[in-house]
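> please work out how this folds:
(chains A and B)
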Amino acid sequence: MKLLWKLLRTHISTGQIIGFSLANVLGLAVVMTAVVLRGDVLPLFEGRDALAGNSYVVISKPVDTMASALGGGKVFTEDEIDELNAQPAVTDVGRFTPSTYEVYARLSLGNGAEMSTDMFFESVPDAFVDVESEQWRFTEGSKYLPIILPRNYLDLYNFGFATAKGLPKLSEDVAGVLNINIDIAGHGSRDTYLGFIAGFSDRLNTILVPQSFMDYANRLYGTMPHPSSSRLILEVADPSDEALALMLRDKGYDITEGDDGSGRLAFFLRVVVGLVISVGLLISALAFFIFVLSVYLLLEKNMQKLENLTLLGYPPHRVASPYLILTSALGVLQTGCAAALAMAARSACLDKLSPMFGDLGHDGTGTLATAAATLLMLQIILYHATVILKVRRIAR
Amino acid sequence: MPSALKGRTSASGIWGGRHSFVRGRTYLVEAASGTGKSSLCAYVYGYRNDYSGRITFDGTDIAKLGKSAWRRLRLTSLSLMFQELRLFGELTAIENVRLKNNLTHHKNDNDIHTLFDRLGIADKEDTPVSLMSYGQQQRVAFIRALCQPFDFLFMDEPVSHLDDSNATMLADILAEELDARGACAVVTSVGRKMKFDFDESITL
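Sure, this is the predicted structure:
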């Protein structure tokens, strides 16, 4: 082995090795940094993390002219709901229950003026409601009815209606103490409930009452005790899931985004990370190309010696062994340097992100180690294959 | 017959005819240069195949041998002292010999030193081969060719650059080695002959 090394180390170019190593370290560091940060940061947006909670998507069937003319409801069938439930990305499906009775609301504004309007209610199962309030419940026989309004209704009132009419602006707390008289009628009976605003929702763009009230009222006043749903709310573990997006598009459902844009952000982030990884891999591939060229050059320069060694009876793998050891050592060194660089880059990034997102990235080291090991293995396999193939071709 | 000599009418002992080398016998192959002595060695040693005709070892056509089969043969039953020697210039004389002996472990260090001594190059053991004269290099190549078991030893112009006394010493050592192994030697020569009692002389 010592003799082989003495014989075959000639023509090894330090310059080429350094150039190739720098390029490879850079490429590997980019790949590893991207992989590690992907693991650290993406959970923030993917909705799997406790920080962000799950995401919600509201879907409905599009209302077209034909359906409007025929008056046919664009409702979801049980089969369609089962199909949605079967999607891996969907953790739960909630149905919007519409009111099938008459609702008339009256609001006295204190100065003698009174606002009144025909309106409607909808309800979703309590698990889907994003307002946490002690008051969000209804017991049969009670005359108090909590209501949740979309937050943009309040904005609409404060910044549009109140300004135009010279009415006082309402904060959420003040809105909570407003008394709204609600008349509910149907099936020949008519009752007045005392409605109050239990909260404002970012997620649900409708006038909500508790599911328990809705079931009770539909039974008591409604034309249908269990009306079909024309809107569904999906609890989605991963809003950037492509299979789900594709399925919803194929079915032609209208999608209202959930409470935040984290799905789109996660998708965007994933594309960017993918791009960065590709660039890193490209740099590494180019570095590998330089390496292959310089190894070929080296082997060509030492061709006569390699040929003579095989004529003496040396098997190709022994002839190649100095080069195999050299390239493996280089691979370990380069991957190690790249991992250190990636680690440094990661902690620099996390230092910037932590104030915004709190405690981040607990398993970064593990991810990095896995990535480094995988890349190292891949490199060594490629190096060995390149060297052995070339030596075999030279062997007589 | 080598492809390069195709079309030439030749009534030589080997090309255009049929010849066998037998274990235990010694052969001198004489010829003018350019008639294929080195080609013969290259064909038999398996690193060139630009010939027509058939070469067989114990009935096996060598064209059918794979690389690993050749490697085995070169380690166990075929040895060749190349005309161009094929020593490694950056290694010392003894390193060149060890490079082969490390593979076969055929001779011990003592044997090797004795051979250097008998051939008069004991003081050159640690000299890089590139700094040695051709005659000295020939002796190193000869020692290397002995550092393995063989049934057939091919020597291509082994004494072209040796003086008479060294050539005689080489012939003596060769005779001892052949006796000990019961092997066959095929020695080519363009003019300068080894003082050796060959069993058969062939003219190409």
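
> now for the helix or strand harbouring residue A:38, which elements pack on it?
Residue A:38 belongs to helix A:14-46 when elements are defined using DSSP states H and E. Secondary-structure packing of helix A:14-46 (3 or more Cβ pairs under 8 Å, 6 or more residues apart in numbering or on different chains; DSSP states H and E): helix A:262-301, helix A:316-357, helix A:364-394. Bear in mind the C-beta positions are built from the backbone N, C-alpha and C, glycine included.

> what's the least confident stretch among the ones you listed?
For those, mean pLDDT drops lowest on helix A:262-301, to a mean of 83.

> okay, the angle between it and helix A:364-394?
Angle, helix A:262-301 to helix A:364-394, by axes from the mean of the first three to the mean of the last three Cα atoms, to 10 degrees: 30 degrees.

> which parts of whatever helix or strand residue A:214 lives in are buried?
Per DSSP H and E, residue A:214 falls inside helix A:211-220. Neighbour-count burial for helix A:211-220, counted by 16 or more other Cβ atoms under 10 Å in any protein chain shown, picks out A:211, A:213, A:214, A:215, A:216, A:217, A:218.

> other residues contacting the lengthiest strand in chain A?
When chain A is parsed with DSSP state E, its longest strand is strand A:189-201. Outside of strand A:189-201, the residues within contact range by Cβ atoms under 8 Å, 6 or more residues apart in numbering or on different chains are A:105, A:129-133, A:135-136, A:143-151, A:153-154, A:172, A:175-185, A:208, A:220-221.

> cool, and stretch A:151-169?
Contacts for stretch A:151-169 (Cβ under 8 Å, 6+ apart): A:109, A:170, A:172, A:175, A:200, A:201, A:202, A:205.

> same thing but 7 Å
A:170, A:172, A:175, A:200, A:201, A:202 (Cβ atoms under 7 Å, 6 or more residues apart in numbering or on different chains).

> now stretch A:18-25
A:283, A:284, A:286, A:287, A:290, A:291, A:294, A:330, A:334, A:337, A:338, A:341.

> apply 8 Å and report the result again.
With contact meaning Cβ under 8 Å, 6+ apart, stretch A:18-25 is reached by A:283-284, A:286-288, A:290-291, A:294, A:330, A:333-334, A:337-338, A:341, A:379.

> which one of the residues you listed has the most neighbours?
In terms of neighbours by other Cβ atoms under 10 Å in any protein chain shown, the contacts of stretch A:18-25 top out with residue A:338 at 27 neighbours.

> sheet partners, orientation included, of the worst-scoring helix or strand of chain B on mean pLDDT?
The weakest-scoring helix or strand in chain B, judged by mean pLDDT, DSSP states H and E, is strand B:200-203 (a mean of 88). According to DSSP bridges, strand B:200-203 has the following sheet partners: strand B:26-30 (parallel).

> give me the pLDDT value at residue A:148.
pLDDT, residue A:148: 90.

> same deal with residue A:68?
Value for residue A:68, per-residue pLDDT: 59.

> try residue A:64
Listed pLDDT for residue A:64 reads 70.

> just give me the neighbour total for it.
Residue A:64 has 9 neighbours, counted by other Cβ under 10 Å.

> quick one: residues contacting the nearest residue to residue A:215 once chain neighbours are set aside.
Distance criterion Cβ to Cβ, 6 or more residues apart in numbering or on different chains; nearest residue to residue A:215, sequence neighbours excluded, is residue A:97 at 7.5 Å. Taking Cβ under 8 Å, 6+ apart as the contact definition, residue A:97 lies against A:122, A:123, A:124, A:211, A:214, A:215, A:218, A:227, A:229.

> for the closest residue to residue B:67 other than its chain neighbours, give me its contacts.
The shortest distance from residue B:67 to any non-neighbouring residue, by Cβ to Cβ, 6+ apart, is to residue A:395 (6.1 Å). Contact analysis of residue A:395 by Cβ under 8 Å, 6+ apart lists A:306, A:307, A:310, A:316, A:319, B:67.

> got it, and residue A:251?
With Cβ under 8 Å, 6+ apart, residue A:251 has these contacts: residue A:80.

> can you count the residues close to residue A:17?
Using other Cβ under 10 Å: residue A:17 sits among 16 other residues.

> dump the residue contacts of whichever residue of the stretch 151-300 of chain A sits closest to chain B.
Closest approach between the stretch 151-300 of chain A and chain B, counting by Cβ to the nearest Cβ: residue A:298, at 15.2 Å. By Cβ under 8 Å, 6+ apart, the contact list for residue A:298 reads A:11, A:12, A:13, A:323.

> okay, now residue A:327: neighbour count?
Counted with other Cβ under 10 Å, residue A:327 comes out at 21.

> is it true that it touches residue A:383?
Yes. Residue A:327 lies in contact with residue A:383 (Cβ atoms under 8 Å); the separation is 4.0 Å.

> shared neighbours, these two?
By Cβ under 8 Å, 6+ apart, the residues touching both residue A:327 and residue A:383 are residue A:291.

> can you give me the offset of whichever strand or helix holds residue B:176 from its chain's centre?
In the assignment (DSSP H and E), residue B:176 maps to helix B:164-181. Here the centre of helix B:164-181 is set off from its chain's centre by 13 Å, with Cα atoms, centre = their mean, to the nearest Å.

> what is the following helix or strand past that helix packed up against?
For helix B:164-181, the succeeding helix or strand toward the C-terminus, using DSSP H and E, is strand B:184-189. Here strand B:184-189 touches strand B:26-30, helix B:37-45, strand B:152-156, helix B:164-181, going by 3+ Cβ pairs under 8 Å, 6+ apart.

> mind doing that once more with 6 Å?
strand B:26-30, strand B:152-156 (3 or more Cβ pairs under 6 Å, 6 or more residues apart in numbering or on different chains; DSSP states H and E).
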